[in-house]
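Asker: okay, structure incoming, though there's no sequence with it:
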């Protein structure tokens, strides 16, 4: 209790301080959120307070070291993401990193060190660090700078790693090699490949000099190369006429081949193998759903992967010697996989409707499972959490749309109001993961449709590209068609409907509220786009390469003209309903001025607007106190503007 009180006091002090430093940037200082003390109520209270949903935590990004003796994972139990360790040989979990929130980590090949990245308050300009597992030795490998970076992979000897950076000109991601040692000697970085737009190193060849490199050519498309890290020679592997997805690269133990997934020459992603010597690839396994999360385990005796089945994952294990395949039953949710070099256990991390993060060990030899780490549910009964229903319905042009429908468990005789939740991306997907806000709204008697409009991934390459460029507004129309279908379905009160979304989903909210002003009773836009011309011109370099295919090249006049006409700021005058906006001042992806512009335009015409403008956040809200404040106000806004009677 003392720690909690101190945390709240410091959070309030920090927000008040940053309010003074940022208020001059914006004419409405009242929009800087004020952080209130956390009040979670009593265990067993109904409805469950949003604070409990956010305090419920589980491990994220969990992976094993090479010996299979330690699991590392990311937890936000301190209020910001940090790396924690769990020994498989017994003992308590321990916190490894401190300070700025961790953005990623990778195991060093020796299994006794970790390389991790951390930025400053969500600005996505990472510094890289090396730390020993005992936490007693830490080394700064690359300091913060104005450059954006994307980590690649570490060589087998643990003395070099690759990364991409915009250091040279602020736009293009060149590839660098960093030499480092474990004895705190100064690290040295060398440019080994100069690129245009986005070239990213992926997996380093075992006991070799080759690195798999992908060139981004769209939200769901890439070209693939092999880069010799010593000579800088780049060899083309896959550069199809029709762009395709290539991902999930895993080298064989010998380094003579690698596994990967791709949808080249097909709709769904299949599991494939590329032979370096012959330069040929072959399909090993295909499925009616996308194959993801490839792992090669037990000296390559087993291949494991997941299939993405309407947003739920299924685990598959293939014995390469016996030529047998097994499907393993695990709790509902979305999985990530990890295995060690020689250990017989597969680590499965699950985020699902009833868990913010659980770790299971699966014995590869007999498929027996055991729970390794349960989540801290903060006094919430997981049996009360609602599992979504998979739904499909037609758009007005006959295209089949789909989503995950969450219905409240309510004793009310009236139908519940509905919120349509739009994912980001745009090539994201509604997945059956832990959804604190969704579960909280259900407790308040509000249904949620987590929708997959056209352009979403997980349903084939054609479906994912139905919103590209000039087709952008077709996906906006899908939201109105979903509402029309809900009115005929009869499970919710579709006359009491709101739409919400973040990032690209925030743009969708801005767009649909202006293009179809009579459809929704309220709109909630988080870190969304208002003016596509400005957004595409000022987007972070990591987005510019994929933007060319998804949106069109903004350097061309025809796309300037298209987005000058088809941006939400041009239809903002049509909006009639109350609006809710959230944005982090440090957002490098969608500048905070995007929401500023919408809010000012709406207030100038006396439309009711709630605006949370966080001075210490970026494209996502990372700090616990800020997330609680954000979700509390979202729920209050919806309860104010949607009738639950």
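Answerer: Alright, I've got the coordinates. If you're wondering where the values come from, they're calculated on a predicted model, not measured in any experiment. Numbers count the residues shown, from 1 in each chain.

Asker: what helix or strand does residue 511 sit in?
Answerer: Residue 511 is part of helix 504-515, with elements assigned from DSSP states H and E.

Asker: scratch that, residue 398
Answerer: Here residue 398 sits in a region with no helix or strand, counting by DSSP H and E.

Asker: tell me, how many residues neighbour it?
Answerer: Residues contacting residue 398 under the criterion other Cβ atoms under 10 Å number 6. Placement of C-beta: from N, CA and C, glycine included.

Asker: distance check, it against residue 481.
Answerer: Separation of residue 398 from residue 481 (Cβ to Cβ, to the nearest Å): 11 Å.

Asker: and if you look at residue 191?
Answerer: As judged by Cβ to Cβ, residue 191 and residue 481 stand 50 Å apart.

Asker: also residue 470?
Answerer: Residue 470 sits 19 Å away from residue 481, going by Cβ to Cβ.

Asker: okay, those two: which has more neighbours?
Answerer: More crowded of residue 470 and residue 481, by other Cβ under 10 Å: residue 481, with 18 against 12.

Asker: that one reaches residue 396, doesn't it?
Answerer: Yes - at 5.3 Å, residue 481 and residue 396 qualify as touching, with contact defined as Cβ atoms under 8 Å.

Asker: over to the residue nearest to residue 60 when sequence neighbours are not counted: give its phi and psi.
Answerer: The spatially closest residue to residue 60, leaving aside those adjacent along the chain, is residue 74, at 4.7 Å (Cβ to Cβ, 6 or more residues apart in numbering). The phi and psi torsions at residue 74 (degrees, to the nearest 10) take the values phi -110, psi 130.

Asker: and residue 74, how far from residue 469?
Answerer: Using Cβ to Cβ, one gets 36 Å for the distance from residue 74 to residue 469.

Asker: more crowded one of those two?
Answerer: The residue with the greater number of neighbours, taking residue 74 and residue 469 and applying other Cβ under 10 Å, is residue 74; the counts read 20 against 14.

Asker: look up the pLDDT of that one for me, please.
Answerer: Predicted confidence (pLDDT) at residue 74: the value is 97.

Asker: ditto for residue 395
Answerer: Reported pLDDT at residue 395 in the predicted model: 96.

Asker: pretty sure it is touching residue 478, no?
Answerer: Yes - with contact defined as Cβ under 8 Å, residue 395 counts as touching residue 478 (5.6 Å).

Asker: find the residues that touch each one of the two.
Answerer: With contacts taken as Cβ atoms under 8 Å, 6 or more residues apart in numbering, residue 395 and residue 478 have 401, 454 as neighbours in common.

Asker: between the two, tell me which one has more neighbours.
Answerer: Relative neighbour count places residue 478 above the other of residue 395 and residue 478, with 27 against 20, counting by other Cβ under 10 Å.

Asker: chain center to the one helix or strand the more buried one maps to: distance?
Answerer: With elements taken from DSSP H and E, the one containing residue 478 is helix 472-489. Centroid separation between helix 472-489 and its chain, computed with Cα atoms, centre = their mean, to the nearest Å, is 25 Å.

Asker: buried set for that helix?
Answerer: Neighbour counts using 16 or more other Cβ atoms under 10 Å place 472, 474-486 of helix 472-489 among the buried residues.

Asker: partners of the helix or strand harbouring residue 164 in the sheet?
Answerer: Residue 164 belongs to strand 160-165 when elements are defined using DSSP H and E. The strands that strand 160-165 pairs with in its sheet are strand 149-154 (antiparallel), strand 174-179 (antiparallel) (by DSSP bridges).

Asker: so which of those strands is nearest residue 452?
Answerer: For the strands paired with strand 160-165, the distance to residue 452 is smallest for strand 149-154, at 27.1 Å, taking Cβ to Cβ.

Asker: avg pLDDT for the closest one?
Answerer: 96.

Asker: now stretch 164-173
Answerer: Summarised as a single mean, pLDDT over stretch 164-173 is 92.

Asker: quick check: end-to-end length of that stretch?
Answerer: Terminal residues of stretch 164-173 lie 5 Å apart, using Cα to Cα, to the nearest Å.

Asker: contacts for it next, please.
Answerer: Contacts made with stretch 164-173 from outside it, assessed by Cβ under 8 Å, 6+ apart, are listed as 145-150, 152, 174-176, 191, 194-201, 541-542, 544-545.

Asker: now, those that are in strands?
Answerer: Using DSSP state E, the members of these that fall in strands are 149, 150, 152, 174, 175, 176, 191, 199, 200, 201.

Asker: closest one of the residues you listed to residue 385?
Answerer: residue 150 (35.0 Å).

Asker: bridged to the closest residue in space to the closest one that isn't next to it in sequence, which residues?
Answerer: Beyond its immediate neighbours in the sequence, the residue positioned closest to residue 150 (Cβ to Cβ, 6+ apart) is residue 164, lying 4.4 Å away. Note on residue 164: beta-bridge partners by DSSP bridges are residue 150, residue 175.

Asker: what is the burial count for residue 164?
Answerer: Taking other Cβ under 10 Å as the definition, residue 164 ends up with a neighbour count of 25.

Asker: and for residue 200?
Answerer: 21.

Asker: what residues are up against it?
Answerer: Counting by Cβ under 8 Å, 6+ apart, residue 200 touches 150, 152, 164, 173, 175, 213, 214, 215, 216.

Asker: for the fourth one, give its distance to residue 126.
Answerer: Between residue 173 and residue 126 the distance is 13 Å, computed by Cβ to Cβ.

Asker: who wins on neighbours among the contacts of residue 200?
Answerer: Comparing those by number of neighbours (other Cβ under 10 Å), residue 173 comes first, having 29 neighbours.

Asker: ok, and the closest non-adjacent residue to it?
Answerer: Closest residue in space to residue 173, ignoring its immediate chain neighbours: residue 164 at 4.0 Å, by Cβ to Cβ, 6+ apart.

Asker: same check on residue 601?
Answerer: For residue 601, the nearest residue in space outside its immediate sequence neighbours is residue 572; the separation is 4.5 Å by Cβ to Cβ, 6+ apart.

Asker: count the neighbours of the one you found for me.
Answerer: Using other Cβ under 10 Å as the criterion, residue 572 is surrounded by 22 other residues.

Asker: next one: phi and psi at it?
Answerer: Note on residue 572: its backbone torsions stand at phi -60, psi -30 [degrees, to the nearest 10].

Asker: do the same with residue 626
Answerer: Torsion angles, degrees, to the nearest 10, at residue 626: phi -70, psi -40.

Asker: correct me if wrong: it contacts residue 35.
Answerer: Yes - look at residue 626 against residue 35 with Cβ under 8 Å: they come within range, at 7.0 Å.

Asker: these two: which has the busier surroundings?
Answerer: In terms of neighbours (other Cβ under 10 Å), residue 626 is the more surrounded of residue 626 and residue 35; the figures are 23 against 20.

Asker: gap between the more buried one and residue 459?
Answerer: If you go by Cβ to Cβ, the gap between residue 626 and residue 459 works out to 34 Å.

Asker: ditto for residue 563
Answerer: As for residue 563, its distance to residue 459 is 26 Å (criterion: Cβ to Cβ).

Asker: need the helices for the stretch 301-450 of the chain, in chain order.
Answerer: Assignment of helices within the stretch 301-450 of the chain using DSSP state H, counting those that start in this stretch yields the ranges 436-443.

Asker: show me the shaky parts of it.
Answerer: Low-confidence segments of the stretch 301-450 of the chain, defined by pLDDT under 70: 411.

Asker: kindly report the same for the chain.
Answerer: Across the chain, the ranges flagged by pLDDT under 70 are 1-25, 27, 411, 538-554, 644-645.

Asker: quick one: distance of stretch 113-122 to the chain centre.
Answerer: With Cα atoms, centre = their mean as the basis, the mean position of stretch 113-122 lies at 17 Å from the chain mean.
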